[in-house]
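*Asks:* just coords:
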């Protein structure tokens with residue numbers, strides 16, 4: 001019998017950036033031509049370190065064959081913005097080479113993605129086939145949240161977005177009004193629990209809900 005892995009969960013481990021990129025490379029059947037340096041193994045307490053922008057550009061994906069993996073969960077693994085950006089590059093390359101075989105669900109709760117990682121990943125997001133993205137507790141803040149919410153305005157696949165425990169305030173949810181009213185948005189579930197959104201942000205969300213044309217679920 002031929003067995004095909006379609007879902008992989010490696011939560012609460014210590015795989016770090018090197019492990020996360022290796023798993024994503026295997027999942028997308030895409031390789032990085034430049035080896036990942038050992039300096040990427042940052043300690044858990046080194047949240048939101050400012051990493052070298054030029055170092056990110058030195059990694060170029062090289063595609064091989066399509067993969068059947070649809071669901072990848074890597075929560076609580078000390079993955080930083082550097083690893084997250086490389087994972088986004090691999091996903092984008094897979095989408096370009098094998099559109100029908102794109103990953104559908106990515107979960108990275110309780111990592112160290114931070115604003116910088118969210119900003120960079122937001123640029124890849126519209127070109128990905130993800131239907132579920134889970135980024136709870138990653139310190140992405142207003143800037144990262146706004147970037148993600150702006151990018152989904154042009155995303156025809158994403159149905160579930162989870163960003164609880166991320167220190168997101170009113171400024172972070174400002175793009176949500178336009179995202180909800182966009183004809184290209186197919187979101188049905190948004191989780192923004194345990195952030196710092198006030199009545200001002202709630203009014204923004206309410207206006208977006210009033211403008212949307214399909215019934216959606218909000219928590």
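*Replies:* Everything's here; your move. Note that this is a predicted model, so its numbers are computed, not measured.

*Asks:* What is the burial count for the closest residue to residue 147 other than its chain neighbours?
*Replies:* Sequence neighbours aside, residue 122 is the residue nearest to residue 147 in space, at 3.8 Å (criterion: CB to CB, 6 or more residues apart in numbering). (C-beta placed from N, C-alpha, C; glycine too.) Residue 122 has 20 neighbouring residues, counting by other CB atoms under 10 Å.

*Asks:* secondary structure class for the most centrally placed residue in the chain?
*Replies:* Averaging the C-alpha coordinates of the chain gives a centre point, and the residue nearest to it by CA atoms, centre = their mean is residue 133 (5.5 Å). For residue 133, the assignment made with DSSP: H, G, I helix; E, B strand; the rest coil gives strand.

*Asks:* Which residues are in contact with it?
*Replies:* Contacts were defined as CB atoms under 8 Å, 6 or more residues apart in numbering; by that measure residue 133 touches 105, 106, 125, 148, 158, 160, 161, 162.

*Asks:* thinking again about what came up before, for the residue nearest to residue 147, which three-state class applies?
*Replies:* Three states are possible here, and by three-state DSSP the one that applies to residue 122 is helix.

*Asks:* What separation do you get for it and residue 81?
*Replies:* Residue 122 is 12 Å from residue 81, where distance means CB to CB, to the nearest Å.

*Asks:* could you say what helices and strands the longest helix seen in the chain packs with?
*Replies:* Of all segments of type helix in the chain, defined using DSSP state H, the longest is helix 81-97. Applying 3 or more CB pairs under 8 Å, 6 or more residues apart in numbering; DSSP states H and E, one finds that helix 81-97 contacts helix 16-28, strand 30-32, helix 53-57, strand 61-63, helix 114-124.

*Asks:* Flag every buried residue along the last one.
*Replies:* Under the neighbour-count criterion of 16 or more other CB atoms under 10 Å, helix 114-124 has 114, 115, 116, 117, 118, 119, 120, 121, 122, 124 buried.

*Asks:* Residue 110 and residue 73 touch, don't they?
*Replies:* No: taking contacts as CB atoms under 8 Å, residue 110 lies outside contact range of residue 73: 11.2 Å.

*Asks:* hmm, back to that, by mean pLDDT, show me the worst of the helices and strands packed on helix 81-97.
*Replies:* When mean pLDDT is averaged over each of the helices and strands packed on helix 81-97, helix 53-57 scores lowest at a mean of 43.

*Asks:* Residue ranges in the chain under the pLDDT threshold?
*Replies:* Along the chain, segments meeting pLDDT under 70 span 1-3, 30-68, 97-101, 213-219.

*Asks:* hmm, try it at 90
*Replies:* Across the chain, residues meeting the criterion (pLDDT under 90) sit at 1-6, 25-69, 91-103, 126-127, 129, 153-156, 181-185, 210-219.
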